[in-house]
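Asks: only geometry, no sequence info:
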Ligand code: OGA
Ligand code: NI
């Protein structure tokens, strides 16, 4: 979430989706209606049948009772990162209360009157606060979603004016939650390093004081879910992303696998993890940052709490020497400063994996 200069881009009127459905529950304004080829096709249970993103049991990695279990889980992790770019983790060790507490205040925040939420506005061209991010023109389609995003760590990326005073425990809960998620991200990066045959501190040492940001996405029900998207297709600019789906959440997240949108079925008490662009570059494409999007539901709202974990802005990113071989596996990405990538990412609309063109070496 690199700071952007205050800009004068014209984004047109961005309607607040929650307010919209209060006043006109059955109307989908033109600006939300997608071209036919982009629409949120809702897959039936039948078509979902064969696809499940891998599930990684973190208890097998943190307290291995037996070395074979450990190696088996590491192998599963490496397959997941190579083939899917996505997996769910169970037995992650984060207390249920911590997860429930953040969900509660996030939900309460979105339920506040609009005037209250508007005290924390996401200004056009910026990515923190309440509103819609990644809108850069008046004719750009809008997502069927209200967002609230905050920089969390390190302190210079925080904008304390945007941390809400209501609900009362919001900041406290977010603080506690973020610390737990930060520990989880560090653990995940250790296991990811091991799965690549690297020493476990490899990423931690490289990343410096890692950048952590959170985005809460609230998807109101939509009378025509087949015409809109909850969130446009994109890959994440992070190293890893941790996505929490609210309890009893309906299916909403879809990932692009072999040219098909595969839904991610929420598992109780699991967290969804995905590989971001940064790990794709560092591993020279071995681990994939996979394109994903969110669709909406006719009856139910859906809430997700998404943490982006990335290297410090000062860090130089390039494919790791261990994963490049001039003959068999030539370098696919140039080197760049992570802050520059972050700035590039947030200055453009979400458009599949297009952001990564920034780093690709084209032959
Ligand atoms: C994101 C994201 C998906 C979801 O916020 O980057 O991919 O289901 N969210 O909210
Ligand atoms: Ni995402």
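Replies: Cool, got the structure. Note that the structure is predicted; figures quoted are calculated from it, not measured. Numbering: from 1, shown residues only. Ligands and ions are numbered 1, 2, ... in the order given.

Asks: Am I right that residue 290 is in contact with residue 273?
Replies: No - Residue 290 lies out of contact with residue 273 (C-beta atoms under 8 Å); the separation is 11.5 Å. Where you see a C-beta, it was placed from the backbone N, CA and C, and this is true even at glycine.

Asks: which neighbours do the two share?
Replies: residue 86 (C-beta atoms under 8 Å, 6 or more residues apart in numbering).

Asks: Show me which of those two is the more surrounded one.
Replies: residue 273 (25 against 22; other C-beta atoms under 10 Å).

Asks: residues in contact with the more buried one?
Replies: 56, 86, 87, 88, 89, 188, 240, 241, 242, 243.

Asks: Those in strands, which ones?
Replies: Those of those mapping onto strands are 56, 86, 87, 88, 89, 240, 241, 242, 243, per DSSP state E.

Asks: just those residues now: which is nearest residue 148?
Replies: Proximity of the ones in strands among the contacts of residue 273 to residue 148 (C-beta to C-beta) peaks at residue 243, which lies at 15.1 Å.

Asks: could you list every residue that touches the closest one?
Replies: Going by C-beta under 8 Å, 6+ apart, residue 243 touches 253, 271, 272, 273, 274, 304, 305, 306, 307.

Asks: wait, which of the contacts of residue 273 is closest to residue 134?
Replies: Closest approach to residue 134 among these (C-beta to C-beta): residue 241, at 15.6 Å.

Asks: State the distance from the closest residue in space to that closest one that isn't next to it in sequence to residue 234.
Replies: Nearest residue to residue 241, sequence neighbours excluded (C-beta to C-beta, 6 or more residues apart in numbering): residue 274, at 4.9 Å. According to C-beta to C-beta, to the nearest Å, residue 274 and residue 234 sit 11 Å apart.

Asks: now swap in residue 183 and tell me
Replies: Separation of residue 183 from residue 234 (C-beta to C-beta) stands at 26 Å.

Asks: quick one: which of the two has more around it?
Replies: Using other C-beta under 10 Å, the more surrounded residue of residue 183 and residue 234 is residue 234, with 20 against 13.

Asks: and the closest residue to the more buried one other than its chain neighbours, how far is that from ligand 1?
Replies: Spatially, and ignoring its direct neighbours in sequence, residue 234 is nearest to residue 350 (3.8 Å; C-beta to C-beta, 6+ apart). Remark: distance between residue 350 and ligand 1 (C-beta to the nearest ligand atom, to the nearest Å) = 8 Å.

Asks: any idea which helix or strand carries residue 350?
Replies: Counting by DSSP states H and E, there is no helix or strand that carries residue 350.

Asks: ok, how many other residues are close to it?
Replies: Neighbour number of residue 350 under other C-beta under 10 Å is 20.

Asks: Now do it, the pLDDT please.
Replies: In this model, residue 350 is scored at 87, pLDDT.

Asks: Please pull out the lowest mean pLDDT helix or strand from the protein.
Replies: Using mean pLDDT, DSSP states H and E, the weakest-scoring helix or strand in the chain turns out to be helix 45-48, at a mean of 48.

Asks: residues contacting the residue lying closest to residue 188 once chain neighbours are set aside?
Replies: Ranked by C-beta to C-beta, 6+ apart and with sequence neighbours excluded, the top spatial neighbour of residue 188 is residue 240, at 5.6 Å. Residues near residue 240 by C-beta under 8 Å, 6+ apart: 185, 188, 189, 192, 273, 274, 275, 276, 279, 309.

Asks: Any of these buried? List them.
Replies: For the contacts of residue 240, a burial check counting by 16 or more other C-beta atoms under 10 Å picks out 185, 188, 189, 192, 273, 274, 275, 276, 279, 309.

Asks: Tell me the one of those residues nearest residue 63?
Replies: Closest to residue 63, out of all of the buried ones among the contacts of residue 240 and judged by C-beta to C-beta, is residue 188, at 15.8 Å.

Asks: if you go through the chain in chain order, where are the helices?
Replies: 17-23, 45-48, 59-62, 67-83, 96-111, 114-117, 170-195, 202-207, 277-282, 338-346 (DSSP state H).

Asks: can you list the ones you listed in CSV and add distance to residue 155?
Replies: CSV is the format used below for the helices of the chain (distance: least, C-beta to C-beta, whole Å):
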stretch, distance to residue 155
helix 17-23, 31
helix 45-48, 43
helix 59-62, 29
helix 67-83, 31
helix 96-111, 20
helix 114-117, 24
helix 170-195, 12
helix 202-207, 17
helix 277-282, 21
helix 338-346, 16
